[in-house]
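>>> next come a sequence and a model predicted from it.
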Amino acid sequence: MKRFVRLQVFAAVLVLFGCAGLNSQTGLDSQAIANPSEGALPDTGLGQYTRSHAMNPNPPDRLGGPEEIKVSVRGGSVRWDLPGPRDMDPAVFGTPAHPIGFENTPFPLVGINPGMRQKMGGAYTIVNHATPFSDWLTVGTGDLEMTLVDATAIDGAKTKDKVSFAATFDAPDKSHKYRVEANMALTHGKFFPTFGGVVTDHLLHGVTGLGTRLMPTEYTYVAFWAKGKLFVDGKLTNNNQLVHMMITEGVRKKGKLQSDSGVNGVGRVVHLMVPPYKLGPMGPEKSPLKTGYLPFPEIKKRMMKTKAMIMAMPDGPQKKKMMGKMMATKELMMHTKEHVMKAMKAGKMFGQPFLHVMFGNPEIKVRHLN
């Protein structure tokens, strides 16, 4: 049992919106490059704190006792996030002259190293990898049921937290039906805590260093990190897969993922993320999801729409700036498509290799268990 828990140390953090993007350079082998001013990036952030707790045999209980959270969405609105670029918030990443937010972690678990940031006019623009945090969303419906127990306060060798989760939804083109299940809370993380697997009433992401900085800083009502399964058209395609869920304040306006200055506490959204990693006998193993869905026709539509909008703008600095960003995005997605098609031909990938799906208007019931 202790050996299995040790294996979970690194596996847990991969779930925190830390899935690899679609670019061939992305993943656990994508280590941070040297910081031009100081050599190799320092081991900053929450890693040392979290690893020091990992083998604690008696992690403390949650102050105030355990809470049970039941959440349901029946026939609710679903937003499927397509792979794409992510704008870089200066509040989180600084500027090329004064970069911040570059913890030495595999992309994009926490920080983004300076060498992976595109820049223009003295500011960072987008990450040079496709990410699960784009502004390109498709709309559908889905169902979700979960029962969570938040009992353990912080990481350790064991946990009293519990996860029972199931969600169903369709592919954007209705070509496949998906079901994601999760039932084992991950006891601890590596680069940042998982709080025993379930956490309530916390800030995550952005400037916090708790998860990828590509998501804005957001108040989180409840979140979990667990081991789970993916079913496609009723068939189990991925087992022992890493699954992350969180219910947060709204972080988008008209579909656009906001910077920290645009997050204002309105609404509640369920985020479901299944990255391309599973729990193996020696730890996390790269395991792209076998979704069978190719997002590129839908992405092309979004890019053409954006291009038409830019071309209709009056000539000037803003139009020039947006056109430059559009060309960078086009190049990024061309490389992404080439990588995916090559990987599929080699039998290493079967469609979009990760999931980031959002459910709106969750029904939430909370019960204190003591």
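It's in.

>>> and the host helix or strand of residue 338, what does it pack onto?
For residue 338, the host element (DSSP states H and E) is helix 317-345. If you count contacts as 3 or more Cβ pairs under 8 Å, 6 or more residues apart in numbering; DSSP states H and E, helix 317-345 packs onto strand 117-120, strand 123-127, helix 296-311. Every residue, glycine included, has its C-beta placed from N, CA and C.

>>> closest to residue 242 out of those?
strand 123-127 (21.2 Å; Cβ to Cβ).

>>> name the helices or strands packed onto that closest one?
With contacts defined as 3+ Cβ pairs under 8 Å, 6+ apart, the packing partners of strand 123-127 are helix 90-93, strand 117-120, helix 317-345.

>>> give me whichever of the ones you listed is most buried.
Most buried of those, by mean neighbour count (mean count of other Cβ atoms under 10 Å): helix 90-93, with a mean of 19.

>>> pLDDT averaged over it - what is it?
Within the predicted structure, the mean pLDDT of helix 90-93 is 97.

>>> who are the packing partners of that helix?
Contacts defined by 3+ Cβ pairs under 8 Å, 6+ apart place helix 90-93 against strand 123-127.

>>> what sits up against the strand it packs on?
Outside of strand 123-127, the residues within contact range by Cβ atoms under 8 Å, 6 or more residues apart in numbering are 85-88, 90, 93-96, 108, 112, 116-119, 214, 324-325, 328-329, 332.

>>> got the angle for that strand vs helix 317-345?
30 degrees (axes from the mean of the first three to the mean of the last three Cα atoms, to 10 degrees).

>>> I'd like the next helix or strand past strand 123-127.
strand 137-150.

>>> for the very next helix or strand once past that next one, C-alpha coordinates in PDB please.
Next along the chain after strand 137-150, taking DSSP H and E as the criterion, comes strand 162-170. C-alpha atoms of strand 162-170 as PDB (Å, rounded to 0.1, in the frame of the first residue of the first chain):
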ATOM      1  CA  LYS A 162     -14.000  10.300  -0.900                       C
ATOM      2  CA  VAL A 163     -14.900  10.700  -4.500                       C
ATOM      3  CA  SER A 164     -17.800   9.100  -6.500                       C
ATOM      4  CA  PHE A 165     -18.200  10.800  -9.800                       C
ATOM      5  CA  ALA A 166     -19.900  10.100 -13.200                       C
ATOM      6  CA  ALA A 167     -20.400  12.500 -16.200                       C
ATOM      7  CA  THR A 168     -21.900  11.800 -19.700                       C
ATOM      8  CA  PHE A 169     -21.800  14.100 -22.800                       C
ATOM      9  CA  ASP A 170     -21.400  14.000 -26.600                       C
END
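
>>> distance from strand 162-170 to the middle of the chain?
With Cα atoms, centre = their mean, to the nearest Å as the basis, strand 162-170 stands 17 Å off its chain's centre.

>>> tell me what that strand is packed against?
strand 137-150, strand 177-185, strand 218-232, strand 355-360.

>>> residue 92 contacts residue 261, doesn't it?
No - using Cβ atoms under 8 Å, residue 92 is not in contact with residue 261; the gap is 10.6 Å.

>>> still on that earlier bit, quick one: closest of the helices and strands packed on strand 162-170 to residue 275.
Across the helices and strands packed on strand 162-170, closest to residue 275 is strand 355-360 (Cβ to Cβ), at 8.4 Å.

>>> tally of neighbours for residue 367?
Neighbour count of residue 367, defined by other Cβ atoms under 10 Å: 10.

>>> what sits against the nearest residue to it once chain neighbours are set aside?
Ranked by Cβ to Cβ, 6 or more residues apart in numbering and with sequence neighbours excluded, the top spatial neighbour of residue 367 is residue 68, at 4.6 Å. Residue 68 is in contact with 147-149, 366-369, counting by Cβ under 8 Å, 6+ apart.

>>> how distant is the helix or strand encompassing residue 68 from the center of its chain?
Using DSSP H and E, residue 68 sits in strand 67-81. Distance of strand 67-81 from the chain centroid (Cα atoms, centre = their mean) equals 17 Å.

>>> what comes up buried for it?
Buried residues in strand 67-81, counted by 16 or more other Cβ atoms under 10 Å: 67, 69, 71, 73, 76, 78-81.

>>> C-alpha coordinates for stretch 253-262, CSV please?
Extracted in CSV, the C-alpha atoms of stretch 253-262 (Å, rounded to 0.1, in the frame of the first residue of the first chain):
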residue,chain,number,x,y,z
LYS,A,253,-17.1,36.2,-20.6
LYS,A,254,-18.8,35.5,-24.0
GLY,A,255,-16.6,32.3,-24.1
LYS,A,256,-13.3,34.1,-23.6
LEU,A,257,-11.2,32.8,-20.8
GLN,A,258,-10.4,35.9,-18.6
SER,A,259,-7.3,37.3,-17.1
ASP,A,260,-7.3,37.8,-13.3
SER,A,261,-8.7,41.3,-13.8
GLY,A,262,-11.8,40.0,-15.6
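
>>> hmm, residue 258 is touching residue 249, no?
No - look at residue 258 against residue 249 with Cβ under 8 Å: they stay out of range, at 10.5 Å.
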